[in-house]
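**Student:** build me a model:
(one chain, ligands or ions: 1)
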Amino acid sequence: MRVHLVNPSLSSFGVGVITPRWLYVLAAATPPEVGDPVLVDEGIEPFDPATVQRGDLVGIGIHTGNAYEGYQVGRVARERGATVVFGGIHPTLYPEEPRALGGAHAVVTGDGEATWPQVVRDALAGTVQERYDGGRVNGASFLAARWDLLPRNKYMWASVQTLRGCPKHCSFCSVWRTDGQQARGRTAESVVAEIVELRRIGFRFIALADDNFYPVTLQDLAMARRRADTRRLDELTAMREERFDLMRRLAQLPNDMVFFTQITMEAAEDEEFLAAMKRAHIAGALVGVESVTPEGLKAIYKDFNLVGDALADRLAMFRKHGLHVLGSFIFGLPTDRAETFAATAELADRADLTFAQFVMLTPFPGTVDFDRWERSYGGTPPEVDGIPITRHWLIPREHRPRLYAPHPTMSAEEVRLRTQAVWDEFYAIGRVWKRSRCVRSLKARLAFVLISKLYRQMYANTGIATDSARMQHANRWARWIGVPCQRLFAGKPMPELQVPAA
Ligand code: SF4
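**Tutor:** Below you'll find the predicted structure:
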């Protein structure tokens, strides 16, 4: 029996931006008696059914965004006689769906790494169960990934996770419900050891793929003090200390290393934290700005963010500390108006963002927004191709609506066109060239331009393009530009590198 692990994707680009970490973590959890698993990332090349033999085990990890493609892989694998197992956020929320639509024999809910060895052994014995519950693994038990199985020269960034969970409760996000609101941090020793292994094989760029790298804000500490809640204060202080300890360890790594992570905007008021990030070679972070209007932020339970000049100033704090920001914005909120798009583009420019992404509001399962939206149809949602739009991930892609909830003042097409226009404006060549001043040499500036264009092709044109011709064009373009970009990111291997002393 061979084990195959498949990361489904609609598009294959030949190279990938970030390694799909779960593939390499489950490879580490695969019992040695079945040998090394076959790892397939469809973001690189499509899954080839001919590689699957009768009696093999095929594990497929999905989120809502690639569930449709995952179910296709599952059905084909089952037809070829494999035992098919699904896991990931989406099956955790809808454990019956992979059985009904994806040919699944079994579904793993929750964190997969602790349960996977049992699944493999059961498959080997022919006693696979319908359901396995992985629960929430504590941080000390997070596994290091099997990076020795990584194909060479295929990815720009490796990914390492230092914690799971987020204490916030944004209405469009499922992380706090699926991964929990209690941050589960991994030990600094295990994080640093894994990073050293990656640097040895030539990765300089590493995404710290945490839900929220800044789990304790200054406000959280002040509130615990005000309430004289010493137990909570001790807990928060310890968690904050662990972050600083990790960053002290990262600072000891080679100077050519570059990390990138995700944090909330509140980190900008914590200058001690920003300075520690900079010393730790963390070059930047994705910051969820989401909306530039107070009404928009209130609607998504994110009113801890700022607006107007205060927002621009706060975002600029990151740059003041030498940290780049990838600002993330959502369009299509009920409070958005035609002028919101121009105001967002202007803010992105004024706040000195290095990169930005503009996504259209989509109600994703597991979120407060989704529950509210589903309830609003009172059990009789409209259908597309016979599929209720409250199961939008099951609608063939070419027929999927671009905006799910009717907007009070704009048509879905207007929201789409205006969103596309903001992408076009932010990534216009003149603007990108101007922003490229954030790096020094001409070579680095050219690299910056290439990478900006790649980012835009991969995430804007493939994500919100309406016709398959435009999507294929964007894919071809991204494949073409992806290879030189990957070379720009590769570092000289450092096989002798040692783990710095604690
Ligand atoms: S959007 Fe970010 S800050 Fe909000 S709950 Fe999700 S992970 Fe946390």
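**Student:** please identify the residues of this protein in proximity to the ligand?
**Tutor:** Listed as neighbours of the ligand in the chain under the rule C-beta under 6 Å from any ligand atom: C166, K168, H169, C170, C173, V175, W176, D211, N212, T264, G288. In short, each C-beta sits where N, CA and C put it, glycine included.
**Student:** pLDDT score assigned to the first one?
**Tutor:** We note a pLDDT of 91 for C166 in this prediction.
**Student:** in three-state terms, label it for me.
**Tutor:** C166 carries the three-state label coil when classified by DSSP: H, G, I helix; E, B strand; the rest coil.
**Student:** show me where the stretch 351-500 of the chain has strands.
**Tutor:** Taking DSSP state E, counting those that start in this stretch, the strands of the stretch 351-500 of the chain run over residues 355-360, 383-384, 387-388.
**Student:** secondary structure element for the nearest residue to S291 once chain neighbours are set aside?
**Tutor:** Computed as C-beta to C-beta, 6 or more residues apart in numbering, the closest residue to S291 that is not its neighbour in sequence is L297, at 5.2 Å. Here L297 sits within helix 294-299, counting by DSSP states H and E.
**Student:** and that helix, how far out from the chain's middle?
**Tutor:** Here helix 294-299 shows a centroid-to-chain-centroid distance of 24 Å under the convention C-alpha atoms, centre = their mean, to the nearest Å.
**Student:** and if you look at stretch 74-86?
**Tutor:** Using C-alpha atoms, centre = their mean, the distance from the centre of stretch 74-86 to the centre of the chain it belongs to is 26 Å.
**Student:** list the buried residues in that stretch.
**Tutor:** The neighbour-count check on stretch 74-86 (16 or more other C-beta atoms under 10 Å) flags G74, V76, A77, R78, R80, A82, T83, V84, V85, F86 as buried.
**Student:** does the last one touch E96 like I think?
**Tutor:** Pointing back at F86 there. No - contact criterion C-beta atoms under 8 Å: F86 and E96 do not qualify, at 10.9 Å.
**Student:** low pLDDT regions in this protein?
**Tutor:** 460-481 (pLDDT under 70).
**Student:** spit out the contact partners of the residue positioned nearest the centre of it.
**Tutor:** Per C-alpha atoms, centre = their mean, the C-alpha nearest to the average position across the chain is that of A209, at 7.0 Å. Residues near A209 by C-beta atoms under 8 Å, 6 or more residues apart in numbering: I18, R21, S159, V160, Q161, T261, Q262.
**Student:** who does A356 bridge with?
**Tutor:** G327 (DSSP bridges).
**Student:** from the contacts of A209, which land in helices?
**Tutor:** Among the contacts of A209, DSSP state H puts R21 in helices.
**Student:** can you give me the helices for the stretch 201-350 of the chain?
**Tutor:** 218-226, 230-251, 271-279, 294-299, 308-320, 338-350 (DSSP state H, counting those that start in this stretch).
**Student:** now render those as CSV, adding mean neighbour count.
**Tutor:** As requested, the helices of the stretch 201-350 of the chain are arranged in CSV below (neighbours: other C-beta atoms under 10 Å):
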stretch, mean neighbour count
helix 218-226, 14
helix 230-251, 16
helix 271-279, 18
helix 294-299, 18
helix 308-320, 17
helix 338-350, 18
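**Student:** so which of those helices is nearest V137?
**Tutor:** In terms of C-beta to C-beta, the element of the helices of the stretch 201-350 of the chain nearest to V137 is helix 230-251, at 17.1 Å.
**Student:** and that closest one, what does it pack onto?
**Tutor:** The contact analysis (3 or more C-beta pairs under 8 Å, 6 or more residues apart in numbering; DSSP states H and E) places helix 230-251 against strand 184-185, helix 188-200, helix 218-226, helix 271-279.
**Student:** for the ones you listed, which one sits closest to L394?
**Tutor:** For those, proximity to L394 was assessed by C-beta to C-beta; strand 184-185 is nearest, at 31.6 Å.
**Student:** so which residues make contact with that closest one?
**Tutor:** 136-139, 142, 162-165, 215, 239, 242-243.
**Student:** how about the residue nearest to S291, what does it touch?
**Tutor:** Contacts of L297 by C-beta under 8 Å, 6+ apart are E290, S291, D303, N305, V307.
**Student:** now with 6 Å, please.
**Tutor:** By C-beta atoms under 6 Å, 6 or more residues apart in numbering, the contact list for L297 reads S291, D303, N305.
**Student:** including neighbour count, could those go into a markdown table?
**Tutor:** As requested, the contacts of L297 are arranged in a markdown table below (neighbours: other C-beta under 10 Å):
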| residue | neighbour count |
| --- | --- |
| S291 | 27 |
| D303 | 14 |
| N305 | 22 |
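**Student:** which among those residues gets closest to V483?
**Tutor:** Proximity to V483 was ranked across these by C-beta to C-beta; first place goes to S291, at 36.6 Å.
**Student:** how much space between that closest one and the ligand?
**Tutor:** Distance of S291 to the ligand, given as C-beta to the nearest ligand atom, to the nearest Å: 12 Å.
**Student:** separation between that residue and R418?
**Tutor:** As judged by C-beta to C-beta, to the nearest Å, S291 and R418 stand 14 Å apart.
**Student:** what residue in the protein is the furthest from its centre?
**Tutor:** When distances to the mean C-alpha position of the chain are computed (C-alpha atoms, centre = their mean), the maximum falls on A228, with 36.5 Å.
**Student:** relative to L446, how far out is it?
**Tutor:** Separation of A228 from L446 (C-beta to C-beta): 56 Å.
**Student:** tell me the contacts of the residue of the stretch 401-502 of the chain found nearest the ligand?
**Tutor:** For the stretch 401-502 of the chain, the residue closest to the ligand is Y459, as judged by C-beta to the nearest ligand atom, at 17.1 Å. Residues in contact with Y459 (C-beta under 6 Å, 6+ apart) are Q357.
**Student:** list the contacts of E130.
**Tutor:** Each residue near E130 by C-beta under 6 Å, 6+ apart is listed here: A106.
**Student:** got phi/psi on it?
**Tutor:** When read as degrees, to the nearest 10, the backbone of E130 gives phi -70, psi -30.
**Student:** over to the one 10 residues further on?
**Tutor:** The phi and psi torsions at A140 (degrees, to the nearest 10) take the values phi -70, psi -20.
**Student:** gap between it and Y132?
**Tutor:** Distance, A140 to Y132, by C-beta to C-beta: 21 Å.
**Student:** now swap in N212 and tell me
**Tutor:** According to C-beta to C-beta, N212 stands 27 Å off from Y132.
**Student:** hmm, P215 is touching Q181, no?
**Tutor:** No - with contacts counted by C-beta atoms under 6 Å, P215 stays clear of Q181, the gap being 9.5 Å.
**Student:** so what sits against both of these two?
**Tutor:** Residues touching both P215 and Q181 (C-beta under 6 Å, 6+ apart): P167.
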